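Enquirer: build me a structure from this.
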Amino acid sequence: MDRRRFIAAGLSLTPLATALSACGKTGSWPEGMAEIKWDRDTCVRCSMVISDRRFAAEMRGGEKNVVFKFDDIGCAAFWLRDKARDYPWLTEPATRFWVADVASQGEKWLEARKAHYVGGKTSPMGYNYGAIAYPEAGAFDFEEMRQHVLAKGK
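Expert: The predicted structure is shown next:
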């Protein structure tokens with residue numbers, strides 16, 4: 001193959017390579033959210049691998065834009081309580097906090113403090129709350145859900 005044909009063949013494959021490179025990305029991440037590498041990243045509190053896309057959560061903030069990932073919103077609730085002294089920025093309004101919409105399989109993310117939570121789910125750590133975007137009968141706001149989780153004491 002001469003040089004011209006080699007270059008032409010390479011240029012013709014560029015759009016295909018670009019399209020295929022997008023295949024590896026899973027989920028649509030909100031601006032500022034670090035990608036969760038499913039089945040590889042671990043929960044910062046319990047060290048369990050983050051696999052169930054319906055219950056994952058993430059916090060990001062502080063001067064260094066630190067990221068904390070969770071496999072269950074219950075782990076995040078305990079982390080907020082237990083690490084407030086170490087990371088005082090956790091409660092600041094500028095701290096970003098996302099939770100997966102329980103019905104979206106990790107494709108839709110909600111602001112965790114504005115989401116509503118329904119019980120009766122089977123979550124990875126047994127806190128059993130799933131996030132939803134709109135209130136429905138029996139749903140809790142973030143603070144109510146958090147108080148229920150902390151009362152379990154795990």
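
Enquirer: for the protein, give me the ranges with low pLDDT.
Expert: Along the chain, segments meeting pLDDT under 70 span 1-27.

Enquirer: need the residue closest to the centroid of this protein.
Expert: With distances taken as Cα atoms, centre = their mean, Ala57 lies nearest the centre of the chain, 3.6 Å away.

Enquirer: quick one, what contacts Lys152?
Expert: Neighbouring residues of Lys152 by Cβ atoms under 8 Å, 6 or more residues apart in numbering: Gly74, Tyr127. (Each C-beta comes from the backbone N, C-alpha and C, glycine too.)

Enquirer: if I look at it, how far off is Cys43?
Expert: 16 Å (Cβ to Cβ, to the nearest Å).

Enquirer: over to Val49?
Expert: 8 Å.

Enquirer: name the residues contacting each of those two.
Expert: By Cβ under 8 Å, 6+ apart, Val49 and Cys43 have these common neighbours: Asp71.

Enquirer: higher neighbour count, these two?
Expert: Cys43 (21 against 14; other Cβ atoms under 10 Å).

Enquirer: hang on, the more buried one packs against Lys69?
Expert: Yes. Using Cβ atoms under 8 Å, Cys43 is in contact with Lys69, at 6.5 Å.

Enquirer: got the contact list for whichever strand or helix holds Val67?
Expert: Element membership for Val67 (DSSP states H and E) is strand 66-70. The contact list for strand 66-70 (Cβ under 8 Å, 6+ apart) reads 34, 36, 41-45, 50, 56-60, 76, 79, 87.

Enquirer: what angle sits between the helix or strand just after it and strand 66-70?
Expert: Where DSSP H and E defines the elements, the next helix or strand beyond strand 66-70 is helix 73-82. Here helix 73-82 runs at an angle of 140 degrees relative to strand 66-70 (axes from the mean of the first three to the mean of the last three Cα atoms, to 10 degrees).

Enquirer: for helix 73-82, packing partners?
Expert: strand 57-61, strand 66-70, strand 96-100, helix 142-152 (3 or more Cβ pairs under 8 Å, 6 or more residues apart in numbering; DSSP states H and E).

Enquirer: mind putting the ones you listed in CSV, distance to Trp109 included?
Expert: Compiled in CSV, those are given as follows (distance: least, Cβ to Cβ, whole Å):
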stretch, distance to Trp109
strand 57-61, 8
strand 66-70, 13
strand 96-100, 5
helix 142-152, 15
